[in-house]
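Colleague: curious how this folds, go ahead:
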Amino acid sequence: MQPKKLEHYKYFQPIAWAVCIGFALFVGMLALNINDEIQRLGNSSIGFEQRLQNLEEAVGVTEAE
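Modeller: Have a look, this model is predicted:
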């Protein structure tokens, strides 16, 4: 069994960087959206339970039945 030559892996590093940067952007945008929703809910005059329910709806979390 011969070892693979380096040119077989020439696309691995750019693909790995693209995946890492894409995931970091996804997590960053998710954090910004959650932060904006928390700020918006914090400025409203609704009760805590309604705020929590609205936040769960915005994030997409549903309660298990």
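
Colleague: for Ser45, give me the pLDDT.
Modeller: Ser45 is assigned 68 on the pLDDT scale.

Colleague: figure out the helix or strand that the most centrally placed residue in the chain lives in.
Modeller: Nearest residue to the geometric centre of the chain (C-alpha atoms, centre = their mean): Val27, 3.2 Å. Using DSSP states H and E, Val27 sits within helix 12-42.

Colleague: same thing with Val61?
Modeller: Going by DSSP H and E, Val61 is not in any helix or strand.

Colleague: can you give me every residue that contacts it?
Modeller: By C-beta atoms under 8 Å, 6 or more residues apart in numbering, the contact list for Val61 is empty. The way it works is simple: take the backbone N, C-alpha and C, and place the C-beta from them, glycine included.

Colleague: just the pLDDT for it.
Modeller: In this model, Val61 carries a pLDDT of 72.

Colleague: what is the orientation angle of the helix or strand of the chain with the lowest mean pLDDT with helix 12-42?
Modeller: Across the helices and strands of the chain, mean pLDDT, DSSP states H and E gives its lowest value to helix 48-59, namely a mean of 81. Relative orientation of helix 48-59 versus helix 12-42 (axes from the mean of the first three to the mean of the last three C-alpha atoms, to 10 degrees): 150 degrees.

Colleague: residues touching Ala31, list them.
Modeller: Applying C-beta under 8 Å, 6+ apart, we find Ala31 in contact with no residue.

Colleague: and it, how far is that from Leu25?
Modeller: 11 Å (C-beta to C-beta, to the nearest Å).
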